[in-house]
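Undergrad: Got a predicted model here, sequence first, then my questions.
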Amino acid sequence: MRNPRFSEHIADLLTLYQLPPTALELEITEGMLMQDEHIAHNAIQKLQELGIRISLDDFGTGYSSLSYLQKYSFDTLKVDRCFINKLEENEQDRELTKAIIAIGKKLNLAVIAEGVETLEQDAFIRHEECDLGQGYLYGKPITAQEFEQAFIHKKSIKFILNALFISRIKTDCTMLRELSFPQNVITHIWIDMCWRLMFGTINFRR
């Protein structure tokens, strides 16, 4: 990004691979912004003029997080995983996460919570109306070849479930838990829903 022709290079790549700029979102860390704010500002502006979305990664871990929101025009705010890791046991982390999500919403930014690994964390960010979650709960990193096999050729039901429907099933099971359904009943319903989904006998469209 420190290269003055960085935005031109990205534009050339989009043309080469015949991708619309709106299909690309670049993540920028606070450390990158600290290196040279003038170059960063110009690069972000040029990229957004092309139609590329820019997200601020690891928000909340730097010294000047709020000032960056004032200085730059971001499209997405990514809540650092350090706030998500101990949501279930740390009230301070819960309140800070609520505040960060609220800030993003007030500024009309998309908000993504990083490091979501449990159903409880997923339920929390949903309740706070966080736009997206990212973490091992939804799926682990995979190679380009695995991605192609799982999502493009649809050869892996497991990956398809994780990517498209699993979060919805979890939401329904969380609601059952809140209604004091026994755990063995919830587990049975979970298995039944996954089974019917795999064989095309359930539809989550509402």
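TA: Right, received. Where do you want to start?
Undergrad: mind listing the helices for this structure?
TA: Assignment of helices within the chain using DSSP state H yields the ranges 6-16, 30-35, 37-50, 65-71, 81-84, 91-106, 119-127, 144-147, 157-160, 166-178, 183-198.
Undergrad: elements contacting the first one?
TA: On a contact count with 3 or more C-beta pairs under 8 Å, 6 or more residues apart in numbering; DSSP states H and E, helix 6-16 meets helix 37-50. To be clear about C-beta, it is placed using only N, CA and C from the backbone, and glycine gets the same treatment.
Undergrad: how big is the angle separating the helix it packs on from helix 6-16?
TA: Helix 37-50 and helix 6-16 are oriented at 30 degrees to each other (axes from the mean of the first three to the mean of the last three C-alpha atoms, to 10 degrees).
Undergrad: same for helix 37-50, what does it pack against?
TA: helix 6-16, strand 25-29, strand 53-59.
Undergrad: run the last query once more with 10 Å
TA: In terms of contacts (3 or more C-beta pairs under 10 Å, 6 or more residues apart in numbering; DSSP states H and E), helix 37-50 is packed against helix 6-16, strand 25-29, helix 30-35, strand 53-59, helix 65-71.
Undergrad: ok and it relative to strand 53-59, angle-wise?
TA: 140 degrees.
Undergrad: May I see the buried residues of helix 37-50?
TA: Across helix 37-50, burial judged by 16 or more other C-beta atoms under 10 Å covers 39-40, 43-44, 46-48.
Undergrad: what's the answer for stretch 117-124, then?
TA: Buried, per 16+ other C-beta under 10 Å, within stretch 117-124: 121-124.
Undergrad: Equivalent analysis for stretch 91-102, please.
TA: Buried residues in stretch 91-102 (16+ other C-beta under 10 Å): 93-94, 96-98, 100-101.
Undergrad: if you average pLDDT over it, what comes out?
TA: For stretch 91-102, the mean pLDDT works out to 94.
Undergrad: In contact with the nearest residue to Leu132 once chain neighbours are set aside, which residues?
TA: Here the nearest residue to Leu132 in space, its sequence neighbours aside, is Ile112; by C-beta to C-beta, 6 or more residues apart in numbering that works out to 4.5 Å. Counting by C-beta atoms under 10 Å, 6 or more residues apart in numbering, Ile112 makes contact with 27, 55, 57, 59, 76-79, 101, 104, 125, 130-134.
Undergrad: ok, Ile112 to Gly133 distance?
TA: 7 Å (C-beta to C-beta, to the nearest Å).
Undergrad: List the residues that are in contact with both of these two.
TA: In contact with both Ile112 and Gly133: 79, 125, using C-beta under 10 Å, 6+ apart.
Undergrad: Which residues does the residue nearest to Leu132 form beta bridges with?
TA: Lys78, Leu132 (DSSP bridges).
Undergrad: Now flag whichever of the buried residues of stretch 91-102 is closest to Ile10.
TA: Using C-beta to C-beta, Ile100 is the member of the buried residues of stretch 91-102 that sits closest to Ile10, with 28.1 Å.
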